[in-house]
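Asks: Give the three-dimensional model of this entry:
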Amino acid sequence: MRFSLSTVLNTTIILGSSSCFLILLLRSKWHRKIPVKVILMVCLAIMFRFLMPFEFPFTITVGITKVWPHIYLFFRRTVFESSDVTIYLYQGLFAIWAAGSVFLLLRLYLKSIRFKKTVLSLPDAENPLVISALDEVNQRYKHPRPVRIAVSSDINTAPYITGILSPTVVLPDIEWNSQELSFVLGHELTHYYNHHLHIKLVCEVITLLYFWNPFVYLLKKQIFRLLELETDSLFTASMNEEKRLAYAECMLSMSRLQYLSPGLGTAFATHGESNLHQRIQMLLEDGKNKKKFPAFLLSAFALLVFLLNFVFVFESSYTPPDIQATTITLNEKNAYLIHRGDEYDVYYEGEYLISVPEIFDESIPVYEEE
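Replies: Numbering: from 1, shown residues only. All right, here's what the predicted structure looks like:
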(Lines give C-alpha, C1' and ligand atoms only; values in the text may rest on other atoms or scores of the structure.)
Protein backbone atom coordinates (compact mmCIF):
# COMPACT_ATOMS: atom_id res chain seq x y z
CA MET A 1 0.00 0.00 0.00
CA ARG A 2 1.18 3.51 -0.80
CA PHE A 3 0.06 6.82 0.71
CA SER A 4 0.56 9.82 -1.55
CA LEU A 5 -0.82 13.19 -2.60
CA SER A 6 -2.66 11.56 -5.51
CA THR A 7 -4.46 9.01 -3.31
CA VAL A 8 -5.58 11.72 -0.89
CA LEU A 9 -6.88 13.91 -3.74
CA ASN A 10 -8.66 10.95 -5.36
CA THR A 11 -10.30 9.85 -2.12
CA THR A 12 -11.37 13.38 -1.22
CA ILE A 13 -12.87 14.26 -4.61
CA ILE A 14 -14.58 10.94 -5.40
CA LEU A 15 -15.93 10.26 -1.92
CA GLY A 16 -16.79 13.92 -1.43
CA SER A 17 -18.90 13.85 -4.59
CA SER A 18 -20.56 10.64 -3.42
CA SER A 19 -21.33 12.22 -0.05
CA CYS A 20 -23.01 15.18 -1.75
CA PHE A 21 -25.14 12.80 -3.81
CA LEU A 22 -26.25 10.90 -0.70
CA ILE A 23 -27.02 14.08 1.22
CA LEU A 24 -29.17 15.35 -1.66
CA LEU A 25 -30.90 11.95 -1.77
CA LEU A 26 -31.70 12.10 1.95
CA ARG A 27 -33.18 15.56 1.54
CA SER A 28 -35.43 14.46 -1.29
CA LYS A 29 -38.55 12.28 -1.25
CA TRP A 30 -36.71 9.47 -3.03
CA HIS A 31 -35.09 8.21 0.15
CA ARG A 32 -38.53 7.17 1.42
CA LYS A 33 -38.67 4.56 -1.35
CA ILE A 34 -35.42 2.90 -0.19
CA PRO A 35 -34.99 0.88 3.04
CA VAL A 36 -33.12 2.85 5.69
CA LYS A 37 -30.69 -0.03 6.17
CA VAL A 38 -29.54 0.18 2.52
CA ILE A 39 -28.88 3.95 2.70
CA LEU A 40 -27.15 3.54 6.06
CA MET A 41 -24.85 0.79 4.76
CA VAL A 42 -23.86 2.89 1.73
CA CYS A 43 -23.13 5.94 3.92
CA LEU A 44 -21.08 3.83 6.34
CA ALA A 45 -19.13 2.22 3.50
CA ILE A 46 -18.19 5.64 2.12
CA MET A 47 -17.32 6.95 5.58
CA PHE A 48 -15.12 3.96 6.40
CA ARG A 49 -13.38 4.23 3.00
CA PHE A 50 -11.88 7.49 4.25
CA LEU A 51 -9.81 5.37 6.64
CA MET A 52 -7.89 3.87 3.71
CA PRO A 53 -6.58 6.61 1.38
CA PHE A 54 -4.01 4.21 -0.06
CA GLU A 55 -2.93 2.92 -3.43
CA PHE A 56 -2.94 -0.89 -3.50
CA PRO A 57 -0.79 -3.29 -5.59
CA PHE A 58 -3.73 -4.00 -7.89
CA THR A 59 -4.54 -0.31 -8.42
CA ILE A 60 -4.46 0.89 -12.04
CA THR A 61 -3.02 4.34 -12.73
CA VAL A 62 -4.97 6.54 -15.16
CA GLY A 63 -3.16 9.59 -16.54
CA ILE A 64 -5.15 12.84 -16.72
CA THR A 65 -3.90 15.73 -18.88
CA LYS A 66 -6.62 18.33 -18.21
CA VAL A 67 -7.19 20.29 -14.95
CA TRP A 68 -5.64 17.56 -12.77
CA PRO A 69 -2.02 18.59 -13.57
CA HIS A 70 -2.75 22.15 -12.44
CA ILE A 71 -4.18 20.90 -9.12
CA TYR A 72 -1.23 18.57 -8.68
CA LEU A 73 1.35 21.28 -9.46
CA PHE A 74 -0.36 23.69 -7.05
CA PHE A 75 0.23 21.31 -4.13
CA ARG A 76 3.80 20.58 -5.28
CA ARG A 77 4.87 24.21 -5.07
CA THR A 78 8.06 24.78 -3.09
CA VAL A 79 7.44 26.58 0.21
CA PHE A 80 10.94 26.21 1.64
CA GLU A 81 14.26 25.41 0.03
CA SER A 82 17.82 25.20 1.29
CA SER A 83 20.98 23.43 0.27
CA ASP A 84 19.90 20.30 2.16
CA VAL A 85 16.10 20.38 2.37
CA THR A 86 13.24 21.13 0.00
CA ILE A 87 9.72 21.29 1.44
CA TYR A 88 6.70 21.27 -0.86
CA LEU A 89 3.28 22.69 -0.06
CA TYR A 90 1.63 19.27 0.22
CA GLN A 91 4.27 18.13 2.73
CA GLY A 92 3.58 21.15 4.92
CA LEU A 93 -0.17 20.51 4.70
CA PHE A 94 0.33 16.85 5.61
CA ALA A 95 2.31 17.93 8.69
CA ILE A 96 -0.49 20.33 9.75
CA TRP A 97 -3.05 17.58 9.07
CA ALA A 98 -1.20 15.08 11.28
CA ALA A 99 -0.69 17.57 14.12
CA GLY A 100 -4.33 18.71 14.02
CA SER A 101 -5.65 15.15 14.03
CA VAL A 102 -3.46 14.14 16.99
CA PHE A 103 -4.61 17.20 18.95
CA LEU A 104 -8.30 16.61 18.25
CA LEU A 105 -8.10 12.88 19.03
CA LEU A 106 -6.37 13.64 22.32
CA ARG A 107 -9.07 16.20 23.14
CA LEU A 108 -11.78 13.65 22.36
CA TYR A 109 -10.08 11.11 24.63
CA LEU A 110 -9.88 13.56 27.54
CA LYS A 111 -13.47 14.66 26.96
CA SER A 112 -14.68 11.04 27.03
CA ILE A 113 -12.82 10.40 30.30
CA ARG A 114 -14.44 13.44 31.95
CA PHE A 115 -17.84 12.42 30.64
CA LYS A 116 -17.37 8.86 31.92
CA LYS A 117 -16.55 10.19 35.40
CA THR A 118 -19.69 12.34 35.31
CA VAL A 119 -21.86 9.35 34.42
CA LEU A 120 -20.24 7.15 37.08
CA SER A 121 -20.99 9.80 39.70
CA LEU A 122 -24.73 9.63 38.99
CA PRO A 123 -26.83 7.52 41.43
CA ASP A 124 -28.32 4.21 40.33
CA ALA A 125 -32.04 4.01 39.59
CA GLU A 126 -34.04 2.41 42.41
CA ASN A 127 -37.52 2.76 40.92
CA PRO A 128 -39.05 -0.76 40.63
CA LEU A 129 -40.74 0.26 37.36
CA VAL A 130 -37.32 1.01 35.84
CA ILE A 131 -35.85 -2.34 36.91
CA SER A 132 -38.91 -4.20 35.65
CA ALA A 133 -38.87 -2.39 32.27
CA LEU A 134 -35.15 -3.13 31.86
CA ASP A 135 -35.68 -6.84 32.52
CA GLU A 136 -38.56 -6.90 30.03
CA VAL A 137 -36.52 -5.25 27.28
CA ASN A 138 -33.43 -7.40 27.90
CA GLN A 139 -35.48 -10.59 27.53
CA ARG A 140 -35.79 -9.85 23.81
CA TYR A 141 -32.08 -10.57 23.29
CA LYS A 142 -30.37 -13.97 23.35
CA HIS A 143 -27.23 -12.72 25.06
CA PRO A 144 -28.25 -9.74 27.21
CA ARG A 145 -25.54 -7.61 28.80
CA PRO A 146 -25.66 -6.09 32.29
CA VAL A 147 -26.93 -2.53 31.85
CA ARG A 148 -26.69 0.14 34.51
CA ILE A 149 -29.55 2.62 34.84
CA ALA A 150 -28.48 5.96 36.29
CA VAL A 151 -30.62 8.93 37.25
CA SER A 152 -29.75 12.54 36.43
CA SER A 153 -30.95 15.20 38.86
CA ASP A 154 -31.43 17.51 35.87
CA ILE A 155 -35.04 16.79 34.96
CA ASN A 156 -34.63 18.56 31.62
CA THR A 157 -31.99 16.14 30.30
CA ALA A 158 -33.21 13.76 27.58
CA PRO A 159 -32.55 10.01 28.13
CA TYR A 160 -29.40 8.60 26.52
CA ILE A 161 -27.14 5.56 26.56
CA THR A 162 -23.35 5.63 26.74
CA GLY A 163 -20.49 3.19 27.33
CA ILE A 164 -19.39 0.61 24.75
CA LEU A 165 -18.00 -1.94 27.23
CA SER A 166 -20.18 -1.08 30.25
CA PRO A 167 -23.43 0.44 28.97
CA THR A 168 -25.28 2.96 31.11
CA VAL A 169 -28.68 4.44 30.37
CA VAL A 170 -29.17 7.86 31.95
CA LEU A 171 -32.74 8.93 32.72
CA PRO A 172 -33.96 12.28 33.99
CA ASP A 173 -35.48 12.22 37.49
CA ILE A 174 -39.11 12.56 36.41
CA GLU A 175 -42.31 10.56 36.81
CA TRP A 176 -42.42 7.61 34.42
CA ASN A 177 -45.06 5.11 33.48
CA SER A 178 -44.22 1.56 32.47
CA GLN A 179 -44.93 2.11 28.75
CA GLU A 180 -42.68 5.17 28.52
CA LEU A 181 -39.87 3.29 30.24
CA SER A 182 -40.33 0.35 27.89
CA PHE A 183 -40.10 2.64 24.87
CA VAL A 184 -37.08 4.62 26.09
CA LEU A 185 -35.07 1.65 27.36
CA GLY A 186 -36.02 -0.44 24.33
CA HIS A 187 -34.87 2.30 21.97
CA GLU A 188 -31.55 2.83 23.75
CA LEU A 189 -30.76 -0.89 24.05
CA THR A 190 -31.61 -1.37 20.37
CA HIS A 191 -28.85 1.16 19.69
CA TYR A 192 -26.48 -0.77 21.92
CA TYR A 193 -27.14 -4.31 20.71
CA ASN A 194 -26.86 -3.21 17.07
CA HIS A 195 -23.41 -1.73 17.74
CA HIS A 196 -24.44 1.83 17.03
CA LEU A 197 -22.13 3.11 19.76
CA HIS A 198 -19.20 1.49 17.93
CA ILE A 199 -20.32 3.08 14.67
CA LYS A 200 -20.58 6.51 16.28
CA LEU A 201 -17.10 6.16 17.76
CA VAL A 202 -15.56 5.25 14.39
CA CYS A 203 -17.41 8.11 12.68
CA GLU A 204 -16.18 10.57 15.32
CA VAL A 205 -12.59 9.38 14.84
CA ILE A 206 -12.82 9.65 11.04
CA THR A 207 -14.29 13.14 11.36
CA LEU A 208 -11.38 14.24 13.54
CA LEU A 209 -8.86 12.64 11.18
CA TYR A 210 -10.45 14.62 8.32
CA PHE A 211 -11.19 17.77 10.34
CA TRP A 212 -10.48 19.89 7.24
CA ASN A 213 -13.03 18.09 5.04
CA PRO A 214 -16.61 19.49 5.29
CA PHE A 215 -18.04 16.48 3.43
CA VAL A 216 -17.08 14.18 6.30
CA TYR A 217 -18.97 16.33 8.83
CA LEU A 218 -22.06 16.36 6.64
CA LEU A 219 -21.87 12.60 6.10
CA LYS A 220 -21.46 11.96 9.83
CA LYS A 221 -24.54 14.06 10.56
CA GLN A 222 -26.60 12.03 8.07
CA ILE A 223 -25.29 8.73 9.48
CA PHE A 224 -26.34 9.71 13.01
CA ARG A 225 -29.79 10.62 11.69
CA LEU A 226 -30.04 7.28 9.86
CA LEU A 227 -29.04 5.42 13.03
CA GLU A 228 -32.07 6.91 14.76
CA LEU A 229 -34.35 5.96 11.86
CA GLU A 230 -32.90 2.44 11.79
CA THR A 231 -33.38 2.07 15.56
CA ASP A 232 -37.00 3.22 15.34
CA SER A 233 -37.60 0.72 12.55
CA LEU A 234 -35.99 -2.22 14.37
CA PHE A 235 -37.60 -1.53 17.74
CA THR A 236 -41.12 -1.02 16.40
CA ALA A 237 -41.03 -3.81 13.78
CA SER A 238 -43.46 -6.04 15.72
CA MET A 239 -45.71 -3.22 16.99
CA ASN A 240 -49.24 -2.60 15.79
CA GLU A 241 -50.42 0.82 14.66
CA GLU A 242 -51.78 1.79 18.07
CA LYS A 243 -48.50 1.08 19.79
CA ARG A 244 -46.55 2.91 17.10
CA LEU A 245 -48.68 5.99 17.75
CA ALA A 246 -47.93 5.71 21.46
CA TYR A 247 -44.22 5.42 20.67
CA ALA A 248 -44.43 8.55 18.47
CA GLU A 249 -46.16 10.43 21.30
CA CYS A 250 -43.39 9.39 23.69
CA MET A 251 -40.84 10.63 21.17
CA LEU A 252 -42.62 14.00 21.01
CA SER A 253 -42.69 14.21 24.80
CA MET A 254 -38.99 13.45 25.13
CA SER A 255 -38.10 15.98 22.40
CA ARG A 256 -39.21 18.76 24.72
CA LEU A 257 -36.37 17.92 27.09
CA GLN A 258 -33.01 19.58 26.71
CA TYR A 259 -30.63 17.59 24.54
CA LEU A 260 -27.17 17.41 26.02
CA SER A 261 -24.41 15.89 23.89
CA PRO A 262 -23.86 12.48 25.55
CA GLY A 263 -20.23 12.08 24.54
CA LEU A 264 -20.10 9.01 22.31
CA GLY A 265 -23.60 7.91 23.28
CA THR A 266 -27.02 8.13 21.67
CA ALA A 267 -30.03 10.08 22.90
CA PHE A 268 -33.67 9.01 22.57
CA ALA A 269 -34.86 12.51 21.67
CA THR A 270 -33.50 14.19 18.55
CA HIS A 271 -34.07 17.90 18.23
CA GLY A 272 -34.91 19.83 15.13
CA GLU A 273 -38.37 19.89 13.62
CA SER A 274 -37.28 18.27 10.35
CA ASN A 275 -35.51 15.38 12.14
CA LEU A 276 -38.47 14.65 14.37
CA HIS A 277 -40.94 14.94 11.50
CA GLN A 278 -38.89 12.53 9.40
CA ARG A 279 -38.67 9.96 12.21
CA ILE A 280 -42.40 10.02 12.92
CA GLN A 281 -43.31 9.98 9.23
CA MET A 282 -41.14 6.93 8.50
CA LEU A 283 -42.33 5.27 11.70
CA LEU A 284 -45.98 5.52 10.70
CA GLU A 285 -45.37 4.55 7.07
CA ASP A 286 -44.05 1.18 8.27
CA GLY A 287 -42.12 0.44 5.08
CA LYS A 288 -45.17 0.61 2.82
CA ASN A 289 -43.46 2.72 0.14
CA LYS A 290 -40.17 0.82 0.04
CA LYS A 291 -39.15 -0.38 -3.43
CA LYS A 292 -36.52 -2.89 -4.44
CA PHE A 293 -35.42 -1.22 -7.67
CA PRO A 294 -34.29 2.15 -6.16
CA ALA A 295 -32.45 0.17 -3.46
CA PHE A 296 -30.73 -1.86 -6.19
CA LEU A 297 -29.70 1.31 -8.04
CA LEU A 298 -28.25 2.83 -4.88
CA SER A 299 -26.34 -0.36 -4.09
CA ALA A 300 -25.00 -0.47 -7.66
CA PHE A 301 -23.93 3.15 -7.34
CA ALA A 302 -22.04 2.37 -4.12
CA LEU A 303 -20.34 -0.63 -5.73
CA LEU A 304 -19.30 1.49 -8.72
CA VAL A 305 -17.80 4.17 -6.45
CA PHE A 306 -15.83 1.55 -4.54
CA LEU A 307 -14.49 -0.08 -7.67
CA LEU A 308 -13.58 3.32 -9.07
CA ASN A 309 -11.82 4.38 -5.88
CA PHE A 310 -10.06 1.09 -5.10
CA VAL A 311 -9.11 -0.12 -8.58
CA PHE A 312 -8.25 3.18 -10.28
CA VAL A 313 -6.17 6.13 -9.18
CA PHE A 314 -6.01 9.28 -11.29
CA GLU A 315 -2.51 10.68 -11.71
CA SER A 316 -1.33 13.88 -13.31
CA SER A 317 0.01 13.33 -16.84
CA TYR A 318 2.25 16.34 -17.28
CA THR A 319 5.64 17.04 -18.87
CA PRO A 320 7.46 20.16 -17.62
CA PRO A 321 8.39 22.74 -20.32
CA ASP A 322 12.15 22.26 -19.81
CA ILE A 323 11.77 18.54 -20.51
CA GLN A 324 9.40 19.14 -23.43
CA ALA A 325 12.12 21.31 -25.07
CA THR A 326 14.57 18.39 -25.07
CA THR A 327 12.17 15.63 -26.19
CA ILE A 328 10.26 14.70 -29.34
CA THR A 329 7.02 12.85 -29.92
CA LEU A 330 6.93 10.24 -32.68
CA ASN A 331 3.71 9.61 -34.57
CA GLU A 332 2.44 8.55 -37.98
CA LYS A 333 2.74 12.11 -39.33
CA ASN A 334 6.38 12.85 -38.53
CA ALA A 335 8.07 9.43 -38.36
CA TYR A 336 8.43 6.08 -40.12
CA LEU A 337 10.41 2.83 -39.71
CA ILE A 338 12.56 0.93 -42.21
CA HIS A 339 12.95 -2.79 -41.59
CA ARG A 340 16.62 -3.81 -42.07
CA GLY A 341 17.39 -7.42 -41.10
CA ASP A 342 16.71 -7.85 -37.36
CA GLU A 343 16.29 -4.15 -36.62
CA TYR A 344 14.11 -1.19 -37.48
CA ASP A 345 15.66 2.16 -38.37
CA VAL A 346 13.68 5.07 -36.98
CA TYR A 347 13.41 8.20 -39.14
CA TYR A 348 12.09 11.46 -37.73
CA GLU A 349 11.09 14.19 -40.22
CA GLY A 350 13.08 12.39 -42.93
CA GLU A 351 16.32 12.02 -40.93
CA TYR A 352 17.72 8.87 -39.37
CA LEU A 353 17.31 8.86 -35.59
CA ILE A 354 18.07 5.44 -34.06
CA SER A 355 17.75 1.67 -34.65
CA VAL A 356 15.42 -0.42 -32.44
CA PRO A 357 14.94 -4.23 -32.20
CA GLU A 358 11.12 -4.16 -32.57
CA ILE A 359 8.13 -2.04 -33.51
CA PHE A 360 7.20 0.16 -30.53
CA ASP A 361 4.16 1.92 -32.02
CA GLU A 362 1.78 0.17 -34.42
CA SER A 363 0.50 3.52 -35.75
CA ILE A 364 3.91 4.49 -37.23
CA PRO A 365 4.35 3.32 -40.87
CA VAL A 366 6.86 0.50 -41.50
CA TYR A 367 8.68 0.04 -44.82
CA GLU A 368 10.89 -2.84 -45.98
CA GLU A 369 14.46 -2.13 -47.06
CA GLU A 370 14.76 -2.00 -50.85
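Asks: residues contacting Gly163?
Replies: For Gly163, the contact set (CB atoms under 8 Å, 6 or more residues apart in numbering) comprises 116, 119, 148, 197, 265. For the C-beta atoms, the positions are set from N, CA and C on the backbone; glycine is no exception.
Asks: For those residues, work out which two are farthest apart.
Replies: Using CB to CB, the two most remote members of the contacts of Gly163 are Arg148 and Leu197, lying 14.3 Å apart.
Asks: By neighbours, which of the contacts of Gly163 wins?
Replies: Gly265 (23 neighbours; other CB atoms under 10 Å).
Asks: Quickly list what the nearest residue to Asp154 once chain neighbours are set aside is bridged to.
Replies: Using CB to CB, 6 or more residues apart in numbering and skipping residues adjacent in sequence, the residue nearest Asp154 is Pro172, 6.5 Å away. Under the criterion DSSP bridges, Pro172 forms beta bridges with Ser152.
Asks: need the contact list for Pro172.
Replies: 151-152, 154-159, 257.
Asks: just to revisit the earlier point, for the contacts of Gly163, which one is nearest Ala300?
Replies: The shortest approach to Ala300 among the contacts of Gly163 belongs to Leu197, at 30.6 Å (CB to CB).
Asks: can you give me the strands in the stretch 101-250 of the chain?
Replies: Applying DSSP state E, counting those that start in this stretch to the stretch 101-250 of the chain gives strands spanning 148-152, 160-162, 168-172.
Asks: Please work out the average pLDDT along the first one.
Replies: Strand 148-152 shows an average pLDDT of 91 in the prediction.
Asks: and if you look at the shortest one?
Replies: Looking at strand 160-162 alone, the average pLDDT works out to 89.
Asks: just to revisit the earlier point, most neighbours per residue, which of the strands of the stretch 101-250 of the chain?
Replies: Of the strands of the stretch 101-250 of the chain, the one with the most neighbours on average (mean count of other CB atoms under 10 Å) is strand 160-162, at a mean of 24.
Asks: Give the other helices and strands that that one contacts.
Replies: Counting contacts by 3 or more CB pairs under 8 Å, 6 or more residues apart in numbering; DSSP states H and E, strand 160-162 packs against helix 89-120, strand 168-172, helix 178-193, strand 266-267.
Asks: how far is it from where the chain is centred?
Replies: 23 Å (CA atoms, centre = their mean, to the nearest Å).
Asks: Compile the strands of the stretch 101-250 of the chain into TSV and extend it with columns for distance to Leu337.
Replies: Formatted as TSV, the strands of the stretch 101-250 of the chain follow (distance: least, CB to CB, whole Å):
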stretch	distance to Leu337
strand 148-152	82
strand 160-162	74
strand 168-172	79
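Asks: Which of these sits closest to Ala237?
Replies: strand 160-162 (19.6 Å).
Asks: For that closest one, which strands pair with it and how are they oriented?
Replies: strand 168-172 (antiparallel), strand 266-267 (antiparallel).
Asks: okay, the ones you listed in TSV with distance to Tyr109 and mean pLDDT next?
Replies: Compiled in TSV, the strands paired with strand 160-162 are given as follows (distance: least, CB to CB, whole Å; pLDDT from 0 to 100):
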stretch	distance to Tyr109	mean pLDDT
strand 168-172	19	90
strand 266-267	19	65
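Asks: what's the closest of the ones you listed to Pro57?
Replies: strand 266-267 (39.3 Å).
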